[in-house]
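*Asks:* the sequence isn't on hand, but the structure is:
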């Protein structure tokens, strides 16, 4: 499995679109740098706490990681999640 944050970010975008059944996006058009939980009026995606649980569950299933203690700044966008997951996978191999 690749630990390249860009590859992981792309997969996270796919997982978010699939798990949340987002009709406005496909994996290619999903904005990896958009703030997941900020209001749409502010440029975010407006996802809610239920969505955060779904995303965490999808990532846990995909990467076999516990995300119980993920920092808020790592759970901002698909991009920050990709960087976090890559870092965690690297740490597991060390």
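*Replies:* All right, it came through fine. Keep in mind that this is a model prediction, so the values were computed, not measured.

*Asks:* separation between residue 11 and residue 68?
*Replies:* Residue 11 sits 21 Å away from residue 68, taking Cβ to Cβ, to the nearest Å as the criterion. Placement of C-beta: from N, CA and C, glycine included.

*Asks:* grab the nearest non-local neighbour of residue 90.
*Replies:* Taking Cβ to Cβ, 6 or more residues apart in numbering, and ignoring the residues beside it in sequence, residue 90 has residue 3 as its nearest neighbour in space, at 5.5 Å.

*Asks:* and that neighbour, how many residues sit next to it?
*Replies:* Around residue 3 there are 14 other residues, counting by other Cβ atoms under 10 Å.

*Asks:* same check, this time on residue 13
*Replies:* Summarising burial for residue 13: neighbours were counted as other Cβ under 10 Å, giving 24.

*Asks:* so who does it touch?
*Replies:* 27, 30, 32, 78 (Cβ atoms under 8 Å, 6 or more residues apart in numbering).

*Asks:* filter these down to just the buried residues.
*Replies:* Buried positions within the contacts of residue 13, assessed by neighbour count (16 or more other Cβ atoms under 10 Å), are 30, 32, 78.
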